[in-house]
Each structure stands twice: as structure tokens, then as C-alpha cells.
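1. One predicted model, sequence on top.
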Amino acid sequence: MTSGTPFSVRCTLTFGDIYGQILAWMAVIFVSLAAGLALMGSSRPLFALVGVGLILVLSVPFLLFAFVTTLLNHIRLDPVSSP
């Protein structure tokens, strides 16, 4: 049985690749906190806490999906040349 070609794994991900995703996540956090503060003065402050929690919990899977797919798109397999 013959062995296959060896590969080296390289990650070409840079901070600029995820910069937009970080800014979008920060915008979601600030909007949810602003909505929570706006609702906090109402007669039912529990709605404010539930609203902020719901926004954050529902946005986390989309954030993780975006980060993981970006990372996987920047993993490269380079064949190693034999000496």
C-alpha cells in the first residue's frame, strides 16, 4: 500500500476578515441594551430583561455560524514537497 501526499494545514484568517462581523455583533448588543433601557422605565421591567435576553440568545447561533464558516473558508491544505 502506498502512502498519500502529505499536506500542511495553513490558516489565512486575519482580523480584517471578521471585523465586519464583530461590528455587527456590537451593534446587536447596543440595540438590545438600548431597547432594554427604554423598556426599563415602563410599568413592567421584566419585559425589558426578557427582551434583551431573547435578542442575545437568538443572535448567538448566527454569530457562531458566521465565525465558523469564515474560519473554515480560510483553512488551506498545501501539499508538502518531498526533498
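-> Arrived safely.
2. Show me which positions of the host helix or strand of A24 end up buried.
-> Under the criterion of DSSP states H and E, A24 resides in helix 15-40. Buried residues in helix 15-40, counted by 16 or more other Cβ atoms under 10 Å: 18, 25, 28, 32, 36, 39. C-beta coordinates here come from the backbone N, C-alpha and C atoms, glycine included.
3. shaky segments in this structure?
-> For the chain, the stretches with pLDDT under 70 are 1-2, 82-83.
4. Go through it and flag its longest helix.
-> helix 45-73 (DSSP state H).
5. And that helix, what does it pack against?
-> On a contact count with 3 or more Cβ pairs under 8 Å, 6 or more residues apart in numbering; DSSP states H and E, helix 45-73 meets helix 15-40.
6. Show me what the helix it packs on packs onto, helices and strands only.
-> Contacts defined by 3+ Cβ pairs under 8 Å, 6+ apart place helix 15-40 against helix 45-73.
7. Contact partners for the nearest residue to S32 once chain neighbours are set aside?
-> Closest residue in space to S32, ignoring its immediate chain neighbours: I55 at 3.9 Å, by Cβ to Cβ, 6 or more residues apart in numbering. Under the criterion of Cβ atoms under 8 Å, 6 or more residues apart in numbering, the neighbours of I55 are 28, 31-32, 35.
8. Could you dump those residues into TSV with distance to S81 added?
-> As requested, the contacts of I55 are exported to TSV (distance: Cβ to Cβ, whole Å):
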residue	distance to S81
V28	46
V31	51
S32	51
A35	56
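9. P79: which of the residues you listed is nearest?
-> V28 (41.1 Å; Cβ to Cβ).
10. Surely the closest one and V57 touch.
-> No - V28 is beyond contact range of V57, at 11.5 Å (criterion: Cβ atoms under 8 Å).
11. how near is L77 to L71?
-> 14 Å (Cβ to Cβ, to the nearest Å).
12. So for those two, which residue has more residues nearby?
-> Set side by side, L77 and L71 show more neighbours around L71, with 13 against 10, by other Cβ atoms under 10 Å.
13. Check the gap between that one and R10 for me.
-> Using Cβ to Cβ, L71 is found at 13 Å from R10.
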